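Q: Return a 3D structure for these sequence lines:
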Amino acid sequence: MLYAITALLACLILVQLAIALSAAVWLRAKELEVRREISDSIHDLITTPDEDTPSKLAIYADLAATLLAARFIQQIKTMLNGVASGEARLEQAAQMQEALSGAPPWLGMLAGLLPKKLTRQLLNRPELVGALKGFAGGGGNHKQPSSSGGIQSRMHYD
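A: The predicted model follows:
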């Protein structure tokens, strides 16, 4: 009986060794297959299909260079637009300062409260700025309204 158990254990060990050996052979075959596929993929990536067609690697490198150049140009444009915008703001502020020089302080505050579009329109029409300066500069020196019976006769200037 001991002999039968020993023989059975020996058979089980041999079966396990056979399974392990066949698994190792199968894994080695898979490894070689994967290596071959990787090698073929790299070969396809590097080599050209014919003399007129570039390789896939060359095409990808060209696309990457084009994208990089486009991003670089976009950054430069953004930077230059920012510089131009800053210069335009400084120029507009200088125009505002020049147009409002000699005007009362409330006119400058009013220009700061107005929308930029309206302020630009005001600066582009110096006669309006001059009229506002004259209105503010006159102070209490307004003439008395005439008694012509119009709307001016109903308005009181203090």
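Q: Who are the packing partners of the host helix or strand of Glu91?
A: Under the criterion of DSSP states H and E, Glu91 resides in helix 56-99. Helix 56-99 makes packing contacts with helix 2-46, helix 116-124 when contacts are defined by 3 or more C-beta pairs under 8 Å, 6 or more residues apart in numbering; DSSP states H and E. Yep, even glycine has a C-beta here, placed from its N, CA and C like the rest.
Q: ranking the ones you listed by burial, who's on top?
A: Of the helices and strands packed on helix 56-99, the one with the most neighbours on average (mean count of other C-beta atoms under 10 Å) is helix 116-124, at a mean of 13.
Q: hang on, the earlier thing: pull out the buried positions in the next helix or strand after the helix holding Glu91.
A: Going down the chain from helix 56-99, the next helix or strand is helix 105-113, by DSSP H and E. Buried residues in helix 105-113, defined by neighbour count with 16 or more other C-beta atoms under 10 Å: 107, 111.
Q: what's the angle from helix 105-113 to helix 56-99?
A: 160 degrees (axes from the mean of the first three to the mean of the last three C-alpha atoms, to 10 degrees).
Q: Distance from helix 105-113 to the middle of the chain?
A: 35 Å (C-alpha atoms, centre = their mean, to the nearest Å).
Q: between it and helix 116-124, how many degrees?
A: Orientation check (the same axes, to 10 degrees): helix 105-113 against helix 116-124 gives 130 degrees.
Q: Which other helices and strands does helix 105-113 contact?
A: Using 3+ C-beta pairs under 8 Å, 6+ apart: helix 105-113 touches helix 126-138.
Q: So for the helix it packs on, mean pLDDT?
A: Averaging pLDDT along helix 126-138 gives 65.
Q: cool, and stretch 7-14?
A: On average, the pLDDT along stretch 7-14 is 92.
Q: do the same with stretch 22-32
A: pLDDT averaged over stretch 22-32 gives 96.
Q: Same question for stretch 68-79.
A: 94.
Q: Next, the buried residues of it.
A: Residues of stretch 68-79 classed as buried by neighbour count (16+ other C-beta under 10 Å): none.
Q: Report the distance from that stretch to the chain centre.
A: 10 Å.
Q: quick one: secondary structure of Leu51?
A: Leu isn't right for residue 51; it's Glu. Put simply, Glu51 is coil when judged by DSSP: H, G, I helix; E, B strand; the rest coil.
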